[in-house]
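Participant: need a 3D model of the following:
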Amino acid sequence: MCGIYLQARGLDGARGGTLTKSSVRLAAARCLLYRLHTDGGDLEELERIRATISIRTVSRDKQSSSCKLLRAPAQAIFWLITFTLICGLPAQAQSQTTRAQSPDEEATGSIIGNVVDQRGAPVYGAHVTLTREAQASPRTTDTDQDGQFSFVNVAPGPFQISVAAADFKPMVISGVLKPGEYHTLASIALVLAPVVTQVVVKPQSVIAQEQVKQEEKQRVLGVVPNFYVTYLPNAAPLDAHQKFQLSWKSTIDPVTFGIVAAVAGLEQEDGQYTGFGTGAEGYAKRYGASYADVVIGTFLGSAILPSVFKQDPRFFYKADGGVRARTLYALAAAVICKGDNGRWQPNYSNVLGNLGAGAISNLYYPAQNRNGAALTFESAAIGIGASAVANILQEFIVPKLTFKSPLTHHHQASTHS
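Facilitator: Below is the predicted model:
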């Protein structure tokens, strides 16, 4: 019963925590008072016990008040510290959040796009440059086969994209990237750049010199010189220096010395020009006379007289037209030629060159083998006929056997017509 009473009165330790001796004594007195009261005990004894309980209760309350007074400052300090910490944490968190959201530490984003032409076809290899105001150096990339490009880890803010590609006008676009944004640009359509035609004007002599250099590479079967033929329909006219240059190159070519040596051998074997004698001395004289014929005939008919009459010593390959027209053209080219002014005219250089070379040869051939005036003209006529035959060969056969430079492709398409 006393246990139930103690639990009912809250004196079993649940209210005060740990039971003290005074609290236990007080509880026992109350329990005894309860039993006397319920059992009908002595009234004087009940009054004495009640007085004792009252005194101890008052004493306990005073002690409790004193403890409360002592605990108050400590509790005030505790709650002050707790309040300070609670109020300070939001400010500190706000400060950290502010630092985390500074412009330099905001979430980066990406920029992607594609480059196309006016027809919508992707432009491969276009050079794309990303620039930002706060960025020291620009970032660059090239478009892939689909014309696409991308930039990742781009700081937010204004940006500028520059696109450049060959044959297209450069293009610049601008935009603003938000923090953490995956920014997709509209298709960048490039416009073709205007075609700039550059005309380089060269002096005619420079053009002619370039053509002469190519003609000096022309050889039949890659061996025999074929310098005096041009396969360009509008070849630049030669000046005097270039005419002498071709004559010099022709006369000192190793193949020329070989041909002269063969001719001299045939003349000696056939017994021609008996005045030169026989043996090595006779061969040397024949060789000298034959080489003199080549040098005098070449310089006189292809350099000196053409410079005087302002005529072109070269044969101009026709290529177009039928066989009859081309044959007549080749035959006529022995007595007509193109002047330095581009007009056709009598070939004084070739006719007078043959006559002059024949006349000069009388100075170094033996007296019994010299040609009179009649034979000189006859030899000149033979020389003109030989030129006509050579021209026919040049028009129909020699081009197929001549190794030429790329400048002489003109005849190849027409020879198959």
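Participant: need the strands for the stretch 251-400 of the chain, in chain order.
Facilitator: Applying DSSP state E, counting those that start in this stretch to the stretch 251-400 of the chain gives strands spanning 315-316, 336-338, 344-346.
Participant: ok, which of those comes nearest residue 197?
Facilitator: Set against residue 197 and scored by C-beta to C-beta, the strands of the stretch 251-400 of the chain come closest in strand 315-316, at 29.1 Å. Where you see a C-beta, it was placed from the backbone N, CA and C, and this is true even at glycine.
Participant: please list all residues in contact with residue 124.
Facilitator: With contact taken as C-beta atoms under 8 Å, 6 or more residues apart in numbering, residue 124 is in contact with 143, 144, 145, 147.
Participant: let me fix that: residue 299
Facilitator: 244, 247, 251.
Participant: where along the stretch 201-350 of the chain do the helices fall?
Facilitator: Here the stretch 201-350 of the chain has its helices, by DSSP state H, counting those that start in this stretch, at 204-215, 240-251, 254-270, 279-299, 305-309, 323-332, 348-361.
Participant: quick check: which of these is nearest to residue 374?
Facilitator: Among these, the nearest to residue 374 by C-beta to C-beta is helix 348-361 (11.0 Å).
Participant: need the contact partners of the closest one.
Facilitator: Residues outside helix 348-361 that contact it (C-beta under 8 Å, 6+ apart): 289, 292-293, 296-297, 300-302, 305-306, 308-309, 311, 313, 334-335, 337, 370-371, 375-377, 379-380, 383-384, 387.
Participant: narrow the contacts of residue 299 to just the buried residues.
Facilitator: Among the contacts of residue 299, those scoring as buried are 244, 247, 251 (criterion: 16 or more other C-beta atoms under 10 Å).
Participant: next, format the residues you listed as TSV and append distance to residue 158.
Facilitator: Putting those into TSV (distance: C-beta to C-beta, whole Å) gives the following:
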residue	distance to residue 158
244	72
247	74
251	77
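Participant: out of these, the closest to residue 219 would be?
Facilitator: Distances from residue 219 to those, taken by C-beta to C-beta, are shortest for residue 251, at 15.6 Å.
Participant: the closest one and residue 294 touch, don't they?
Facilitator: Yes: shown here, residue 251 and residue 294 form a contact pair, counting by C-beta atoms under 8 Å, at 6.3 Å.
Participant: before we move on, back to that, make TSV out of the helices of the stretch 201-350 of the chain and add mean pLDDT and distance to residue 392.
Facilitator: Shown next, in TSV, are the helices of the stretch 201-350 of the chain (pLDDT from 0 to 100; distance: least, C-beta to C-beta, whole Å):
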stretch	mean pLDDT	distance to residue 392
helix 204-215	92	20
helix 240-251	96	20
helix 254-270	96	20
helix 279-299	96	20
helix 305-309	97	22
helix 323-332	95	4
helix 348-361	92	15
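Participant: among these, which comes closest to residue 224?
Facilitator: Residue 224 lies closest to helix 254-270 among the helices of the stretch 201-350 of the chain, at 5.7 Å (C-beta to C-beta).
Participant: buried residues in the closest one?
Facilitator: Neighbour-count burial for helix 254-270 flags 256, 259, 260, 263, 264, 267, 268 (criterion: 16+ other C-beta under 10 Å).
Participant: residues in contact with it?
Facilitator: With C-beta under 8 Å, 6+ apart, helix 254-270 has contacts from 223-225, 250, 273, 276, 278, 282-283, 286-287, 289-291, 294.
Participant: what angle separates it from helix 279-299?
Facilitator: Counting by axes from the mean of the first three to the mean of the last three C-alpha atoms, to 10 degrees, helix 254-270 points 130 degrees away from the direction of helix 279-299.
Participant: which ones are touching residue 298?
Facilitator: 247, 250, 251.
Participant: name the nearest of the residues you listed relative to residue 230.
Facilitator: Relative to residue 230, the closest of the contacts of residue 298 is residue 250; by C-beta to C-beta it sits at 14.4 Å.
Participant: I'd say the closest one and residue 227 touch.
Facilitator: Yes: the pair residue 250 and residue 227 passes the contact test of C-beta under 8 Å, sitting 5.4 Å apart.
Participant: and the contacts of helix 348-361, which are buried?
Facilitator: 289, 292-293, 296-297, 300-302, 305-306, 309, 311, 313, 334, 337, 371, 376, 379-380, 383-384, 387.
Participant: ok, residues contacting stretch 178-196?
Facilitator: With contact meaning C-beta under 8 Å, 6+ apart, stretch 178-196 is reached by 106-118, 120, 123, 126, 156, 161, 163, 165, 167-169, 171, 173, 175, 177.
Participant: okay, and which of those map to strands?
Facilitator: Within the contacts of stretch 178-196, residues falling in strands by DSSP state E are 109-116, 161, 163, 171, 173, 175, 177.
Participant: was I right to think residue 286 contacts residue 277?
Facilitator: No: applying C-beta under 8 Å, one finds residue 286 not in contact with residue 277, separated by 9.3 Å.
Participant: okay, the two: which has more neighbours?
Facilitator: residue 286 (22 against 15; other C-beta atoms under 10 Å).
Participant: how near is that one to residue 297?
Facilitator: Distance from residue 286 to residue 297, counting by C-beta to C-beta, to the nearest Å: 16 Å.
Participant: repeat for residue 352
Facilitator: For residue 352, the distance to residue 297 - C-beta to C-beta - is 11 Å.
Participant: what do you get for residue 397?
Facilitator: For residue 397, the distance to residue 297 (C-beta to C-beta) stands at 23 Å.
Participant: burial of the closest residue to residue 171 other than its chain neighbours, as a residue count?
Facilitator: Residue nearest to residue 171 in three dimensions, not counting chain neighbours: residue 163, with 4.8 Å by C-beta to C-beta, 6 or more residues apart in numbering. If you count neighbours by other C-beta under 10 Å, residue 163 ends up with 21.
Participant: check contacts around residue 163.
Facilitator: Contacts of residue 163 by C-beta under 8 Å, 6+ apart are 115, 126, 127, 128, 129, 170, 171, 172, 173, 188, 190.
Participant: burial of residue 322, as a residue count?
Facilitator: 9.
Participant: any weak-confidence spans in the stretch 51-200 of the chain?
Facilitator: Where the stretch 51-200 of the chain drops to pLDDT under 70, the residues are 51-106.
Participant: outline the domain layout of this protein.
Facilitator: Listed domain ranges for the chain are 2-100, 105-189, 204-414 (source: automatic domain parsing).
Participant: now, of the ones you listed, which is deepest in the fold?
Facilitator: Of all the domains of the chain, domain 204-414 has the most neighbours on average by mean count of other C-beta atoms under 10 Å, namely a mean of 17.
Participant: now the closest residue to residue 333 other than its chain neighbours: how far from residue 279?
Facilitator: Take residue 333 and drop its neighbours on the chain: the residue closest to it by C-beta to C-beta, 6+ apart is residue 391, 4.8 Å away. Per C-beta to C-beta, residue 391 is found 39 Å from residue 279.
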